[in-house]
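Q: sequence plus the predicted model coming up.
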Amino acid sequence: MKVDWLTNSWYQPSRLTWLLTPISWLYRLIIWLRRQAYRYGIFKQISMPVPVIVVGNISVGGSGKTPFVIWLAQYLQNQGWRPGIISRGYGGKADNYPCSVRNDSLASQVGDEPLLIKRRTQCPVVVAPDRVAAGKQLLAENACDVIITDDGLQHYRLQRDLEIVIIDSQRGMGNQSCLPAGPLREPTSRLNTVDFVIQHGESNKADLSMQLQLQNAIQLQDESSQKALSEFGDTPIHAVAGIGHPQRFFTQLQLSGLTVIPHAYADHHHYTAADFQFDEPYPILMTEKDAVKCQSFATDTMWSVPAEARLSPSLGSEIDKKLREL
């Protein structure tokens, strides 16, 4: 299993934290000055002609933003909205930006998360490092009446109307220090300024929570072929995850009754066929985010396991109400 020694130091006692604390203080000062510059107009914010919802987090690593964005887009569609989605496209390298995502786009060009969002929601999706440029192209090409930005909480140049933060309840805020001494992009006080804070996972303290429920596995070679997870219970399985918190996926599979051989990779890992040359010829189960990068060399032993987000019942109506008030 591949691990990141710096990331691990953020979630357990480490002398490294003390060594990096002075740099962390400097980082906090820089991000505070940057926020004040936008607040007082020294740096200009650009507004869009439609409401903008930012879905992000204040910590490094996966917290469940992508499944939430998929849920939010589908919910808004059901309420009669025409959402479009913009993203950094992390992990991809397009020839030109902004880049509109298609169902047949390559994850290596547009990023794994935007491609997954496009395929799951069929909403217009545009990626670019500059969220403002992405938003402008999105509206120029599509009749969207609301923009969802996947990540981008710290991309203050784009003016936003709603801010939603997703927190991984298992890992929390780690040592609650800012980078590089800890996992935080901004201090925890930033949570007091957002519209919604959603805990991903079990949390007794959360008014708003999100759970991910694993669905039937889908064969990568033939998407019409599906199996319930219980059908993999007769043999061990290889579980592959290149996401922000791989252990969550492995644990969910174990709770489904499977015997798991875990294979964790870095978030946004670029897979090759060699990554799947395991000694034991057991079935290979992976997340949807991993699967969009593996279809070109998929075998009949490789399966994608979709996850559906389940949110607090009141959340959708509260978001819809705030949008209509805008």
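A: Good, I have the coordinates.
Q: residue 162 pairs with what?
A: Following DSSP bridges, residue 162 is listed with bridge partners residue 53.
Q: number of residues surrounding it?
A: 18 (other Cβ atoms under 10 Å). Bear in mind the C-beta positions are built from the backbone N, C-alpha and C, glycine included.
Q: against residue 5, how distant is it?
A: Applying Cβ to Cβ, to the nearest Å, the value for residue 162 to residue 5 is 37 Å.
Q: thought residue 322 was touching residue 164?
A: No: assessed by Cβ atoms under 8 Å, residue 322 is found out of contact with residue 164, at 10.5 Å.
Q: helices or strands up against the lowest-mean-pLDDT helix or strand in the chain?
A: Within the chain, confidence by mean pLDDT, DSSP states H and E is lowest for helix 5-10 among all helices and strands, at a mean of 82. Under the contact criterion of 3 or more Cβ pairs under 8 Å, 6 or more residues apart in numbering; DSSP states H and E, helix 5-10 touches helix 15-39.
Q: for the helix it packs on, what is the distance to the chain centroid?
A: 24 Å (Cα atoms, centre = their mean, to the nearest Å).
Q: quick one: buried residues of that helix?
A: Residues of helix 15-39 classed as buried by neighbour count (16 or more other Cβ atoms under 10 Å): 17, 20, 24, 27-28, 31, 35.
Q: just the element for residue 210, please.
A: For residue 210, the host element (DSSP states H and E) is strand 209-214.
Q: next secondary structure after that strand?
A: Using DSSP H and E, the helix or strand that follows strand 209-214 towards the C-terminus is strand 217-219.
Q: quick check: buried residues in that next one?
A: Buried positions in strand 217-219, judged by neighbour count with 16+ other Cβ under 10 Å: 217-219.
Q: direction included, what does that strand pair against?
A: Strand 217-219 has the following strand partners under DSSP bridges: strand 226-227 (antiparallel), strand 302-305 (antiparallel).
Q: dump these into JSON lines; add distance to residue 65 and mean pLDDT as well.
A: Listed next are these as JSON lines, based on distance: least, Cβ to Cβ, whole Å; pLDDT from 0 to 100:
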{"stretch": "strand 226-227", "distance to residue 65": "26", "mean pLDDT": "97"}
{"stretch": "strand 302-305", "distance to residue 65": "19", "mean pLDDT": "98"}
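Q: just say which of those strands is most tucked in.
A: Of the strands paired with strand 217-219, the one with the most neighbours on average (mean count of other Cβ atoms under 10 Å) is strand 302-305, at a mean of 23.
Q: show me what counts as buried in the very next helix or strand once past that strand.
A: Next helix or strand after strand 302-305 toward the C-terminus (DSSP H and E): strand 307-311. For strand 307-311, burial by neighbour count (16+ other Cβ under 10 Å) applies to 307, 309, 311.
Q: for strand 307-311, output the C-alpha coordinates as CSV.
A: Presented in CSV, the C-alpha positions along strand 307-311 are these (Å, rounded to 0.1, in the frame of the first residue of the first chain):
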residue,chain,number,x,y,z
ALA,A,307,-21.7,5.1,-4.8
GLU,A,308,-24.9,7.0,-4.3
ALA,A,309,-25.0,10.0,-1.9
ARG,A,310,-27.7,10.1,0.7
LEU,A,311,-28.2,13.5,2.3
